[in-house]
Structures are given as C-alpha cells and as structure tokens.
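here's my sequence, what's the structure:
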Amino acid sequence: MKTVLITGSSRGIGEAIAKKLNKSYNLVLTYNKNKDKALNLLGDLRKENPNVIAVKCDVKNEEDVNNLFDLAEKNFSHVDILINNAGISYFGLLQDMDFSSWNEIINTNLSSIFLTSKRAIPNMLSQKSGVIINMSSIWGNFGASFEVAYSASKGGINSFTKALSKELLPSNIRVNAISPGIVDTDMTEFDLSDDDKRDLKEDLIEKRFAKSEEIANLVEFLISEKGSYITGSIFDINGGFY
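Below is the predicted model of the structure:
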C-alpha cells in the first residue's frame, strides 16, 4: 500500500483529503496548533484504517519537517505521495502589514513546500516514481486586493510546481497544483462577511462555494493511475468564478 503525507490535515481541505484517501493508503497527517482536532480525526480514521499517524509539525521549520519524514519512514518505510496543503491567510492593506507577518505567510505557504519536497524527492528518485500535489489558490492566478502576501505565495506555488515538474520528469515523478476558488472552510468563514459571501455566490455555479470534499475528489484522481499522464499542470476548480 502506498503512503500519502498530507500537511495541514487537521481541518478543512486537508481533513477532507484524509477522509477521501483513508481506505486506500497509509496516511501521515500533520497539525501544528489544532492538536485536539487532529487527534479526533486520527481516531475516526483508524476505525477503518490502522495505518494512520498524526505528527505535530511546523511546516516552515526545517527540523520539524525532517522529523516528520523520519517518523513517516519509520512507520511506513517511505513516502510515495506528498500533498502540500498547509497554509495560512492574511487579510488587510499591504501598507499596514509588518515584515514579520509577510514572512509568516511566505514561509508557511511557499517555503514549506520547498522543505517538504526537498525531503521527499530523494526517496522518490530511488523508487523512480512519486507524486507531489501543491495546494494553490485562484488568487495565485489573478491576485486579490487586501491579500497581496497570500496571492504572492500562491503565485509562487504555481511557478514552483511547473518548474519542479520539468526537473523531475525524467524520474517519472509527477508534480501538479490545485487552484481552488472559494471553498467553504473555517478560513473563508473568518475572512468574509455575510454580505461578501452572498455577493460572491451570485457569480458561482449553483450559487454556492466549493465543498472541501470536491477538492479532495480532484486530489484522489490526480494521485491515482488515472492521472498518470498529468504533470506540470495547475488545476482550476472554482465554480466559474472568473
């Protein structure tokens, strides 16, 4: 059975991905601050699949990332599929943002995928196979006012994905990114007012935001043999937002 490592998997999209893949893969989940949610999810998943572990990891910390992979390899020998889902947002004017907040966004959303990918790649090279999925955003394509740092980090993920896919192509390692529009998660609930959400839904198919499970469906396809000819792509899933 292949092993999937999912960062930021205690809630939202990461949680939905873990639930979707639970019956078919060994799972390595990560959390940072949401320990209770992560352990509750771990308990639920283990009812159907004993081969699941949860590891506390600050994905922007190299020592934490190395420890994460050490534990994954100790339990399951190797990581076959890496899903870089961990991320945070910032909503506010750029002129009001301090440099430490900028670094927090860039390091958590972008530098983290450098750290995890760098650690995952050597084993994938030895296996001559592997899949990396990076979670981007519609704002990485178009940019969003009041979310300059977030947009920059997600735009960087898109370029990172395309470049790394070319680098790893000769070794049969596939790298893709998913670029969701607005997803009905805690982050959306925090960032948008009721009026904002109502107005935005008017321009979407079925007048609703995406469900986390719909993003997980795309992940499931891309990491499977059904997606074996796909690499270097950024997949929009936004309900016709643009």
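
and residue 235, that's in a helix?
No - when classified by DSSP: H, G, I helix; E, B strand; the rest coil, residue 235 is found to be strand rather than part of a helix.

could you look up the SS state of residue 54?
When the structure is reduced to helix, strand and coil (three-state DSSP), residue 54 reads as strand.

that one and residue 30 touch, don't they?
Yes - the pair residue 54 / residue 30 is scored as a contact, 7.3 Å apart, by CB atoms under 8 Å. Any C-beta I mention is one placed from the backbone N, CA and C, and that applies to glycine too.

of those two, who's got more company?
Between residue 54 and residue 30, residue 30 has the larger neighbour count (other CB atoms under 10 Å), namely 26 against 23.

give the bridge partners for the spatially closest residue to residue 161 that is not a sequence neighbour, please.
Among residues not flanking residue 161 along the chain, residue 177 sits closest, at 4.1 Å (CB to CB, 6 or more residues apart in numbering). Beta bridges link residue 177 to residue 134, residue 234 when assigned by DSSP bridges.

contact partners for residue 177?
Applying CB atoms under 8 Å, 6 or more residues apart in numbering, one finds that residue 177 lies in contact with 133, 134, 135, 136, 157, 158, 161, 233, 234, 235.

the last one: how many residues sit nearby?
Applying the criterion other CB under 10 Å, we find 17 residues in the vicinity of residue 235.

now it: how far from residue 141?
Taking CB to CB, to the nearest Å as the measure, residue 235 and residue 141 are separated by 11 Å.

overlap in contacts of residue 54 and residue 30?
With CB under 8 Å, 6+ apart applied, the overlap between the contact sets of residue 54 and residue 30 consists of 9, 10, 38.

most surrounded residue in those residues?
residue 9 (31 neighbours).

for that one, phi and psi?
As for residue 9, its main-chain torsions (degrees, to the nearest 10) stand at phi -110, psi 20.

coming back round to it: so for the residue nearest to residue 161, what's the pLDDT?
Among the per-residue scores, residue 177 shows a pLDDT of 98.

next one: residue 242
pLDDT recorded at residue 242 is 68.

so residue 14 makes contact with residue 8?
Yes - under the criterion of CB under 8 Å, residue 14 makes contact with residue 8 at 4.5 Å.

what is in contact with the two at once?
Once CB under 8 Å, 6+ apart is applied, the residues that residue 14 and residue 8 both contact turn out to be 85, 86.

before we move on, back to that, any idea which of the shared contacts of residue 54 and residue 30 is closest to residue 168?
Ranking the shared contacts of residue 54 and residue 30 by separation from residue 168, with CB to CB as the measure, puts residue 9 on top at 23.4 Å.

what sits closest to the closest one if chain neighbours are left out?
Of all residues beyond its chain neighbours, the one nearest residue 9 is residue 29 (4.2 Å), with distances taken as CB to CB, 6+ apart.

correct me if wrong, but residue 146 is in a helix.
No - the assignment for residue 146 by three-state DSSP gives coil, which leaves it out of any helix.

helix, strand, or coil at residue 4?
Going by three-state DSSP, the state assigned to residue 4 is strand.

confidence score at it?
We note a pLDDT of 98 for residue 4 in this prediction.
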